[in-house]
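Peer 1: everything below, folded, please.
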Amino acid sequence: MTWDAVLFILALLDCAALLFLTVYFIITLSDLECDYLNATQCCSKLNKWILPELIAHCTLTVLLLVSLHWILFLLNAPLAAWHVYRFVQIPSGNTGVYDPTEIHNRGQLKTYMKESMAKLGFHLLCFFLYLYSMIYALIVVST
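Peer 2: Numbering: from 1, shown residues only. The predicted structure is shown next:
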């Protein structure tokens, strides 16, 4: 198995995990919207997954850069930069990216829901791109 095949297998697993994590975010935010959860519970559930999401996505982006897959790197770089930006820009005094005192202010809940939906579409697109690339890399190895 070549480096490309291993890379795309790892990318596929990473993308699947990020896809499930994004669905978890959507479900948790919709539970808050329907008042099944209170803001503190919702934000504590979501904030504990921010750093693993950041690490998983940035690791994948760096692996794509190191392996010289420029198009896939350029596809992933904006979202990785957005994750880093959001993590770095957490105001002091907030409990994390999702703050229970501010989540209902100024339509932030709707914004977070739209952001999660956009990430869901992005991860679905990437999942199928990595699946195709993995199959292609494995076929090239076998011929």
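Peer 1: any regions of the protein where pLDDT drops low?
Peer 2: Judged by pLDDT under 70, the chain has its weakly predicted residues at 1.
Peer 1: at 80 instead, please
Peer 2: 1, 106, 143 (pLDDT under 80).
Peer 1: all helices of it, in order?
Peer 2: 3-33, 39-47, 50-66, 70-88, 108-142 (DSSP state H).
Peer 1: what's the closest of those helices to Gly96?
Peer 2: Between Gly96 and the helices of the chain, the tightest spacing by CB to CB is seen for helix 39-47, at 3.3 Å. Using the backbone N, CA and C atoms, a C-beta is placed for each residue, glycine as well.
Peer 1: hmm, who's touching that closest one?
Peer 2: Applying CB atoms under 8 Å, 6 or more residues apart in numbering, the contact partners of helix 39-47 are 25, 28-29, 31-32, 37, 95-101, 103-104.
Peer 1: out of these, which is nearest to Leu7?
Peer 2: Distance to Leu7 across those (CB to CB) is lowest for Phe25, with 26.2 Å.
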